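> Sequence below, structure please.
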Amino acid sequence: MFFVPKRWLKFSPWINFEDYFKDYCPRDEIFNPGEPEERVKVLNFNRDNYGIVQEYIKIKERTQDDCKNDPLFKQIPVLSAKRKLGEIQKLPTGKTNEADIKYENYICQLLASLFYPDLDFAAEQSRTESGRLIRDLIFYNNRSIDFLQEIHQDYGNRQLVFELKNVKLIEREHISQLNRYLDSGLGKFGVLVTRNPLSKAMFSNTIDLWSGQRRCIITLTDEDISLMVKIFESKQRSPIDVLKKKYVEFRRACPS
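Numbering: from 1, shown residues only. You can find the predicted model right below:
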């Protein structure tokens, strides 16, 4: 038996089982739905899948210089981001079995972490003061990088609104709906998050909005979200660079 000062018990190692059990272990692969989450099963799983434990250690070692916690936000770990991406990719388009609600929940959780800290204070289902409009997801623009400074300067966005559509194809009404949100004083830049790229006709519609009203609506698809998660895992760039890339591609398609 070992005796240690009680004050030592207030601290835990940066790499530890409690942290692994709480945020990193792949629970969906270990426990059946409704089954008690017994730690012995986790230990047995780790013996047969030691590569997952090694990946956890690599992640913690890579982020050891970032040990300070933000008291206002907790970013999800890489393994959770990858699991949420997997759930999104398995969802059918449409509203069957509340697929649209699940899609919105997963996307909101993902983007809040992927864009942090450049876009912050994410709010889901944000209503306007009148209550007539409900924005799916809205961020405060910290203007911490050149891209976000440009969005603020050119389009007046102190906040950015994201409209989430779990549909096979975006239609004109979806674009018009987001355009109405841009009328509510948020600025003239908005993002459609959906499953597939815009059709040629719908992309032309967004170009027309820019040409006529200098409004910018860009699209993030499943492929873009997947790329963000890969960047989030690699730590080589910021996931918001994918949003910047889509904006650059959009502007290059606009008439000068």
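> Pull the contacting residues for residue 37.
27, 30-31 (Cβ atoms under 8 Å, 6 or more residues apart in numbering). Any C-beta I mention is one placed from the backbone N, CA and C, and that applies to glycine too.
> Now tell me which of those residues the prediction trusts least.
Of all the contacts of residue 37, residue 27 carries the smallest pLDDT score, 72.
> give the contact list for that one.
Contacts were defined as Cβ under 8 Å, 6+ apart; by that measure residue 27 touches residue 37.
> The contacts of residue 37 into a markdown table, with extra columns for distance to residue 80 and secondary structure?
Shown next, in a markdown table, are those (distance: Cβ to Cβ, whole Å; DSSP: H, G, I helix; E, B strand; the rest coil):
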| residue | distance to residue 80 | secondary structure |
| --- | --- | --- |
| 27 | 10 | helix |
| 30 | 14 | helix |
| 31 | 15 | coil |
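> JSON lines for the residues you listed, including distance to residue 47?
Converted to JSON lines, the contacts of residue 37 look like this (distance: Cβ to Cβ, whole Å):
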{"residue": "27", "distance to residue 47": "17"}
{"residue": "30", "distance to residue 47": "12"}
{"residue": "31", "distance to residue 47": "16"}
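> Out of these, flag the one nearest to residue 110.
For these, the residue nearest residue 110 by Cβ to Cβ is residue 27; the value is 17.7 Å.
> Nearest to residue 209 among the contacts of residue 37?
residue 27 (43.8 Å).
> Show the subsequent helix or strand relative to the strand or helix carrying residue 173.
If you go by DSSP states H and E, residue 173 is part of helix 172-181. Downstream of helix 172-181, the first helix or strand assigned by DSSP H and E is strand 189-194.
> any idea how far that next one is from the chain center?
Computed by Cα atoms, centre = their mean, to the nearest Å, the separation of strand 189-194 from the middle of its chain amounts to 13 Å.
> Can you list the strands that that strand pairs with?
Strand pairing for strand 189-194, determined by DSSP bridges: strand 159-165 (parallel), strand 216-220 (parallel).
> so can I have CSV of these showing distance to residue 90 and mean neighbour count?
Listed next are the strands paired with strand 189-194 as CSV, based on distance: least, Cβ to Cβ, whole Å; neighbours: other Cβ atoms under 10 Å:
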stretch, distance to residue 90, mean neighbour count
strand 159-165, 17, 22
strand 216-220, 18, 22
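> Output the ones you listed in TSV, with distance to residue 238 and mean pLDDT appended to each entry.
Compiled in TSV, these are given as follows (distance: least, Cβ to Cβ, whole Å; pLDDT from 0 to 100):
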stretch	distance to residue 238	mean pLDDT
strand 159-165	15	94
strand 216-220	15	97
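> Adding distance to residue 146, write these out as CSV.
What follows is the strands paired with strand 189-194, written out as CSV (distance: least, Cβ to Cβ, whole Å):
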stretch, distance to residue 146
strand 159-165, 15
strand 216-220, 16
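> between those strands, which one is nearest to residue 104?
Short answer: strand 159-165, nearest of those by Cβ to Cβ, at 4.9 Å.
> Which residues does the closest one contact?
103-104, 107-108, 111, 119, 135-141, 151, 174, 177-178, 181-182, 186-187, 189-195.
> try 6 Å this time
Strand 159-165 has contacts (Cβ atoms under 6 Å, 6 or more residues apart in numbering) with 104, 107, 135-141, 174, 178, 181, 186, 190-194.
> Please identify the buried residues of the helix of greatest length in the chain?
For the chain, the longest helix by residue count, based on DSSP state H, is helix 99-114. By neighbour count on 16 or more other Cβ atoms under 10 Å, the buried set for helix 99-114 is 100, 103-114.
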